[in-house]
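# give me a model of this one.
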Amino acid sequence: MQGPTLRYSHFRTNVFPQYSDLFHSLANGQNPPICLITCADSRIMPEMFLQSDPGEIFTIRNAGNLVPAWGEAHSGVAGSVEYAVAAVKVKHLVVCGHSGCGAIREVLEQANTETLPALTAWLRHAGPSPRWLAGMLRDTVGVSHEHKLHMLIEANVMMQISNLMTYPVVREAVQNGSLELHGWVYDIPTGKLRALNQQVGVFEPIPHTHGELLEIA
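Predicted coordinates for the structure are as follows:
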């Protein structure tokens, strides 16, 4: 595997020239239609599965794709969300979880609370619903461990959407129709996305033939 310096050299020599006009046009500002809040996990590449160019996605990444509720913490996530909605004026705000999430697995298993104290503190923002569900599932018999994790990953995405609605700037934009909230779960081994149907509270597959997952234009 090439080191970072060699990868940068390849970018400057072979990749950047193909996009030089685009980067030149982006030098004075950005106008992405999507803000995507996803996990820091190296296996999640939204620019790849959304097939987007530079300037099309405002990405916020952290362990567990968490959004602290308004007033809970003066975090970089809160500042980034506020900037994306109020200044950049994105049209879509997406919380995207993923299969096999190590952060949410930690919520379920609580295996590293002593060795990873900073992560443990951060995961408290998974919210009362995922933590409550984790407690309920931990000792439940007849349900596989991976299915428990799957349920918890979905619950976490729903909780973070609820947390987003505690932000005055988000709530106002949703209410006036200038912003839409979305919840997704990306499946790593299959490359499939499931989207939250907020009317019925379930995640439904997005067909790969879907014409407009989100308008990126």
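# could you give the mean pLDDT of stretch 135-155?
Per-residue pLDDT over stretch 135-155 has a mean of 85.
# start to end distance for it?
Counting by Cα to Cα, to the nearest Å, you get 13 Å between the two ends of stretch 135-155.
# which residues sit against stretch 115-122?
Contact with stretch 115-122 is made by 62-64, 66, 103, 106, 112-113, as judged by Cβ atoms under 8 Å, 6 or more residues apart in numbering. Bear in mind the C-beta positions are built from the backbone N, C-alpha and C, glycine included.
# what secondary structure does S42 sit in?
coil (DSSP: H, G, I helix; E, B strand; the rest coil).
# could you count how many residues lie near it?
Using other Cβ atoms under 10 Å, the number of residues around S42 comes to 6.
# L193 reaches G183, doesn't it?
No. Using Cβ atoms under 8 Å, L193 is not in contact with G183; the gap is 10.7 Å.
# higher neighbour count, these two?
Neighbours per residue, other Cβ under 10 Å: of L193 and G183, the larger number sits with G183, 23 against 20.
# give me phi/psi at the more buried one?
Torsion angles at G183 (phi, psi; degrees, to the nearest 10) stand at phi -120, psi 130.
# packing partners of the lowest-mean-pLDDT helix or strand in the chain?
Ranked by mean pLDDT, DSSP states H and E, the weakest helix or strand in the chain is helix 128-138, scoring a mean of 78. Counting contacts by 3 or more Cβ pairs under 8 Å, 6 or more residues apart in numbering; DSSP states H and E, helix 128-138 packs against helix 102-109, helix 145-164.
# to Y83, which of those lies closest?
Evaluated with Cβ to Cβ, the helices and strands packed on helix 128-138 place helix 145-164 nearest to Y83, the distance being 13.9 Å.
# contact partners of the helix or strand that the closest one is followed by?
Heading C-terminal from helix 145-164, the first helix or strand you meet, by DSSP states H and E, is helix 168-175. Contact with helix 168-175 is made by 70, 81-82, 85-86, 93, 164-165, 179-181, as judged by Cβ under 8 Å, 6+ apart.
# against K89, how distant is the residue in the chain sticking out farthest from the centre?
Most distant from the centre of the chain: T13, at 31.4 Å, with distances by Cα atoms, centre = their mean. Distance, T13 to K89, by Cβ to Cβ, to the nearest Å: 36 Å.
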